[in-house]
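S.K.: Below are the sequence and a predicted model for it; my questions follow.
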Amino acid sequence: MTIPAAWAFRAGLIATVTAIMAGIWWLLQGLGLPMSFSPSGIAEWFNSQGNLGPLLLLLLMMLAVVVGPIPTLPVTAAAGLAFGLLPGVLLSMTGAMTGAMIAFTLARLLGRDALRTRLPTNPLFGFQGSQRLLFLTVLVTRLVPIFSFALVSYAAGVTAITTGRFALGTVAGMLPMTLVFAGLGRAFELHPLLSITAAVVILSVMTLLPWYLSRRRHSRLARWLHLDDEPPGE
């Protein structure tokens, strides 16, 4: 693909995804989506839409993951209130996974090759990125509900992680908190100081660990993470 064709493809892809997300937002607003995003208010709105309720939940969750600023946890809690624990969890996870795969694929198509070329030996972005390290990174950031679901999905798309490992890490990581929030039927508050502390600690580890491993590629940890392995095909 020539450079002009590649740029045209990227521009068309961005325009298409933007148009789809804008269309979903317009539809939800037209149907009266509550702007307070309280779980009880959203749940009442889902129920008022009759048979369209589950579909609107899927669309809202997908929009929240792809666009980012829309909070996903109140939507998950509303799903539990409106549809019950198991249906609410299934619907929430389906919508979130769909949005995560859209964001992941978009980032992969737009930015993966550029970063791989610039950082060929980096354990996160290089040609031989550590699949174990990347899988654990996705899993941990999904388990901790202080990280933006959208940001993690976009960031993972430009790393060396395979699509299958990203999907598995996302499902395994988000299942516990999805069950908790859908079961409670409400969004509980996370202590701000604890949230900030946890975020700083995890981000520091995720930043410093690749730097350390790139200089100690024969350490026991590096060998366990298979830093010198070829990543499996997508």
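M.R.: Yep, it's here.

S.K.: Contacts only, for L139.
M.R.: Residues near L139 by C-beta atoms under 8 Å, 6 or more residues apart in numbering: 169, 172-173. To be clear about C-beta, it is placed using only N, CA and C from the backbone, and glycine gets the same treatment.

S.K.: Take those residues and write them to TSV, including secondary structure and distance to Q49.
M.R.: Listed next are the contacts of L139 as TSV, based on DSSP: H, G, I helix; E, B strand; the rest coil; distance: C-beta to C-beta, whole Å:
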residue	secondary structure	distance to Q49
G169	helix	33
A172	helix	31
G173	helix	30
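
S.K.: Out of those residues, which is nearest to L33?
M.R.: Ranked by distance to L33 (C-beta to C-beta), the contacts of L139 are led by G173 at 27.2 Å.

S.K.: re earlier: please report which of the contacts of L139 has the highest neighbour count.
M.R.: With neighbours defined as other C-beta atoms under 10 Å, the most crowded of the contacts of L139 is G169; it has 23 neighbours.

S.K.: my guess is that residue contacts V152, does it?
M.R.: No - contact criterion C-beta atoms under 8 Å: G169 and V152 do not qualify, at 9.5 Å.

S.K.: shared neighbours, these two?
M.R.: 138, 142.

S.K.: and after the helix or strand where T18 lies, which helix or strand comes next?
M.R.: Here T18, judged by DSSP states H and E, is contained in helix 3-30. Going down the chain from helix 3-30, the next helix or strand is helix 39-48, by DSSP H and E.

S.K.: quick one, whatever helix or strand comes next after that next one and helix 3-30 angle?
M.R.: Later in the chain than helix 39-48, the nearest helix or strand by DSSP H and E is helix 53-67. On the basis of axes from the mean of the first three to the mean of the last three C-alpha atoms, to 10 degrees, helix 53-67 is oriented at 140 degrees to helix 3-30.

S.K.: Give me the angle between helix 53-67 and helix 39-48.
M.R.: Going by the same axes, to 10 degrees, helix 53-67 makes 130 degrees with helix 39-48.

S.K.: what sits up against the following helix or strand past helix 53-67?
M.R.: Once helix 53-67 ends, the next helix or strand along the chain (criterion: DSSP H and E) is helix 73-83. Defining contact as C-beta under 8 Å, 6+ apart, one finds that helix 73-83 is touched by 37-44, 46-47, 53-54, 57, 60-61, 64, 87-89, 91-92, 145, 177-178, 181-187.

S.K.: what about the helix holding T18, average pLDDT?
M.R.: Taken as a whole, helix 3-30 has a mean pLDDT of 85.

S.K.: now for it, which elements pack on it?
M.R.: When contacts are defined as 3 or more C-beta pairs under 8 Å, 6 or more residues apart in numbering; DSSP states H and E, helix 3-30 sits against helix 53-67, helix 85-118.

S.K.: which one of those helices has the lowest average pLDDT?
M.R.: With a mean of 86, helix 85-118 has the lowest mean pLDDT of the helices and strands packed on helix 3-30.

S.K.: Tell me which helix or strand comes right after it.
M.R.: The first helix or strand that comes after helix 85-118 along the chain, using DSSP H and E, is helix 131-143.

S.K.: Tell me the buried residues in that next one?
M.R.: 131, 133-143 (16 or more other C-beta atoms under 10 Å).

S.K.: Average pLDDT for that helix, rounded please.
M.R.: 83.

S.K.: before we move on, the earlier item: tell me the buried residues within the contacts of helix 73-83.
M.R.: Buried among the contacts of helix 73-83 (16+ other C-beta under 10 Å): 37, 39-40, 42-43, 46, 53-54, 57, 60-61, 64, 88-89, 91-92, 145, 177-178, 181-182, 185-187.

S.K.: among the helices and strands packed on helix 3-30, which is nearest G164?
M.R.: Using C-beta to C-beta, the helices and strands packed on helix 3-30 put helix 85-118 closest to G164, at 11.2 Å.
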